[in-house]
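1. I would like the atomic coordinates for the input below:
(one chain, ligands or ions: 2)
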Amino acid sequence: MPPFVTVGIALTGTAEISENNESLYACKVEPRTGKYIARLFSSGMTILVALPDNITINTMHLQSVIINVRGTVRMFPERRMRRVRSRNVQPLLCETTLTKNDLVAPLFVDETTTAPKPIESMPGQFRYPVDGIAGIAGKMWERGIRAVLLFGIPSHKDDAATSAYDTDGIVQQAVRRIKAAYPGMVVITDVCACEYTSHGHCGIVGGTRSGEKDLLNDESLLLMNRIAISHAEAGADIVAPSCMLDGMVHSIRTALDDEGYEDVLIMSYSTKFSSALYGPFREAAESGFSFGDRSTYQMNPANGREAYLESRLDMDEGADILMVKPAGPYLDVLAEIATLGLPVAGYQVSGEYSMIKAAAERGWIQEKETVLESLTCIKRAGADLVITYFAYDACGWL
Ligand code: PBG
Ligand code: ZN
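-> Ligands and ions are numbered 1, 2, ... in the order given. As a prediction, this is how the structure comes out:
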């Protein structure tokens with residue numbers, strides 16, 4: 001437990017600090033150029049503080065420090081917080097607004113079907129044939145959705161994920177159709193191999209030193225380059241590598257630039273946890289694995305410092321947008337990654353969707369209120385974009 005310190009607010013952006021333990025306030029302290037920037041979560045105010053010698057800050061990882069804002073916190077009865085919650089005043093003081101521009105809708109395109117196929121574990125979600133995909137994108141466009149994230153289910157899978165980079169592959173076809181019909185729609189493609197490999201892992205698998213089979217990193221990078229280029233060639237605006245390979249952003253950036261696609265953005269699944277919440281997606285995308293798990297490439301949910309480093313490395317490799325996935329249980333991680341300065345997306349994953357759906361179907365929670373609350377909170381934590389299967393419904397409510 002760090003000692004309590006007092007921070008005096010100065011409007012010019014500097015502040016003194018002295019020891020005191022009245023009126024506690026929580027804030028985060030972030031290392032920057034020898035000073036520390038504290039954001040007071042209650043007011044959103046940013047102040048510069050100098051820390052006393054007896055507090056040590058781990059410069060890799062942001063820490064919560066308890067500070068006291070001297071002279072601004074008065075106690076009851078003068079400070080009645082309920083005044084700012086009166087019906088008329090409250091909307092004026094709202095800190096976070098969710099808009100249609102914040103939402104990205106995932107879409108599944110299925111080469112093995114000719115009619116929309118309901119996804120059982122995700123009520124309300126479908127796998128669409130490529131013939132219907134422009135129509136679905138159009139429905140979303142009419143509602144105000146400006147970005148979709150495409151996943152493909154191919155008719156052919158093999159060890160090398162060859163249909164993932166086929167010029168006429170399912171995602172490549174879908175991109176062309178959506179961009180032809182709705183050129184303003186931002187089309188994002190998931191760049192991964194797990195839907196396309198017979199073993200269900202996210203790239204090329206082979207023997208490792210221990211004799212165990214595992215995802216091979218550098219061999220798989222070449223595959224990701226080919227997938228990303230094929231998506232860019234089809235017209236994707238943003239490619240989103242989700243395989244959690246080391247060096248994937250640098251590798252894809254270089255490959256895209258070499259092919260003349262320097263305008264295509266990379267939204268990296270930069271901090272992706274090995275989460276139980278992807279369960280329903282694996283049914284939806286038929287991307288479950290036949291052996292092992294994904295914990296040798298996706299992150300341990302227990303690790304916050306590593307999560308920050310993962311995203312920072314992808315920033316340094318040239319990512320345009322970072323991502324934290326899943327979103328809801330990892331908002332602390334998202335808030336820290338947002339301080340890196342790049343745009344950040346929060347991915348509300350299939351399990352988060354299905355939990356809300358299941359409880360709402362039973363009448364245990366109210367769907368609309370729960371959805372809007374969950375999405376607003378992802379924004380409040382620092383997300384610029386929220387990828388959510390509720391995008392279409394939420395747009396109807398906003
Ligand atoms: C593919 C991928 C997954 C998700 C997005 N891209 C599954 C996984 O990593 O197993 C999960 C999305 C969701 O659960 O909604 N790598
Ligand atoms: Zn994958």
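2. please count neighbours and contacts with C-alpha atoms only from this point.
-> Fine.
3. what's the pLDDT at the nearest residue to residue 102 once chain neighbours are set aside?
-> Distances taken as C-alpha to C-alpha, 6 or more residues apart in numbering put residue 385 closest to residue 102, at 4.7 Å, once the chain neighbours are dropped. Looking at residue 385, its pLDDT reads 98.
4. so what sits opposite residue 385 in the bridge?
-> residue 345 (DSSP bridges).
5. separation between it and residue 391?
-> 11 Å (C-alpha to C-alpha, to the nearest Å).
6. what residues are shared contacts of those two?
-> Residues touching both residue 385 and residue 391 by C-alpha atoms under 8 Å, 6 or more residues apart in numbering: 103, 104.
7. give me phi/psi at residue 273?
-> phi -90, psi 150 (degrees, to the nearest 10).
8. correct me, but it touches residue 299?
-> Yes: between residue 273 and residue 299 there is a contact at 4.3 Å, judged by C-alpha atoms under 8 Å.
9. neighbour-wise, which of these two wins?
-> With neighbours defined as other C-alpha atoms under 10 Å, residue 273 and residue 299 compare such that residue 273 has more, 25 against 19.
10. contact partners for the more buried one?
-> For residue 273, the contacting residues are 298, 299, 300, 301, 325, 326, by C-alpha under 8 Å, 6+ apart.
11. contacting residues for the fourth one?
-> Residues in contact with residue 301, defined by C-alpha under 8 Å, 6+ apart, are 273, 274, 275.
12. same question, the fifth one
-> By C-alpha under 8 Å, 6+ apart, the contact set of residue 325 is 269, 271, 272, 273, 346, 347, 348, 349.
13. possible to save these as CSV with pLDDT and distance to ligand 2?
-> Compiled in CSV, the contacts of residue 325 are given as follows (pLDDT from 0 to 100; distance: C-alpha to the ion, whole Å):
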residue, pLDDT, distance to ligand 2
269, 98, 10
271, 98, 14
272, 98, 11
273, 98, 12
346, 98, 17
347, 98, 15
348, 98, 16
349, 98, 14
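14. got the confidence number for whichever residue of the stretch 1-150 of the chain sits closest to ligand 1?
-> Here the residue of the stretch 1-150 of the chain nearest ligand 1 is residue 106; by C-alpha to the nearest ligand atom that distance is 8.3 Å. Confidence at residue 106, expressed as pLDDT, is 98.
15. try residue 210
-> In this prediction, residue 210 carries a pLDDT score of 87.
16. pretty sure residue 187 is in a helix, no?
-> No: counting by DSSP: H, G, I helix; E, B strand; the rest coil, residue 187 is not found in a helix; it is strand.
17. ok, it - contacts?
-> Contacts for residue 187 (C-alpha under 8 Å, 6+ apart) come out as 147, 148, 149, 150, 175, 178, 179, 236, 237, 238.
18. up against ligand 2, what does the stretch 51-200 of the chain have?
-> 192, 194 (C-alpha under 5 Å from the ion).
19. redo that, cut-off 8 Å
-> Selection of the stretch 51-200 of the chain residues close to ligand 2 by C-alpha under 8 Å from the ion yields 191, 192, 193, 194, 195, 200.
20. farthest residue from the center of this protein?
-> Ranked by distance from the centre of the chain (C-alpha atoms, centre = their mean), the top residue is residue 77, with 42.0 Å.
21. now do the SS call for that residue.
-> Secondary structure, three-state DSSP: residue 77 is coil.
22. from ligand 2, how far out is it?
-> 56 Å (C-alpha to the ion, to the nearest Å).
23. what sits against that residue?
-> By C-alpha under 8 Å, 6+ apart, residue 77 has no neighbours at all.
24. residue contacts, the one residue sitting closest to the centre of the chain?
-> The chain has residue 346 as the residue nearest its centroid, 2.8 Å off, counting by C-alpha atoms, centre = their mean. For residue 346, the contact set (C-alpha under 8 Å, 6+ apart) comprises 323, 324, 325, 326, 327, 334, 378, 383, 384, 385, 386, 387.
25. may I have the secondary structure class of the second one?
-> Three-state secondary structure (criterion: three-state DSSP) places residue 324 in strand.
26. burial count for it?
-> Using other C-alpha under 10 Å, residue 324 has 29 neighbouring residues.
27. run through the bridge partners of it.
-> Beta-bridge pairing of residue 324 under DSSP bridges involves residue 271, residue 346.
28. surely it and residue 274 touch.
-> No: with contacts counted by C-alpha under 8 Å, residue 324 stays clear of residue 274, the gap being 11.7 Å.
29. circling back: check the gap between the residue nearest to the centre of the chain and residue 272 for me.
-> Per C-alpha to C-alpha, residue 346 is found 10 Å from residue 272.
30. again with residue 144
-> Distance, residue 144 to residue 272, by C-alpha to C-alpha: 28 Å.
31. shaky segments in the stretch 1-150 of the chain?
-> 1-74 (pLDDT under 70).
32. mind checking pLDDT for whichever residue of the stretch 201-350 of the chain sits closest to ligand 2?
-> Residue of the stretch 201-350 of the chain nearest ligand 2, by C-alpha to the ion: residue 202 (3.9 Å). Listed pLDDT for residue 202 reads 96.
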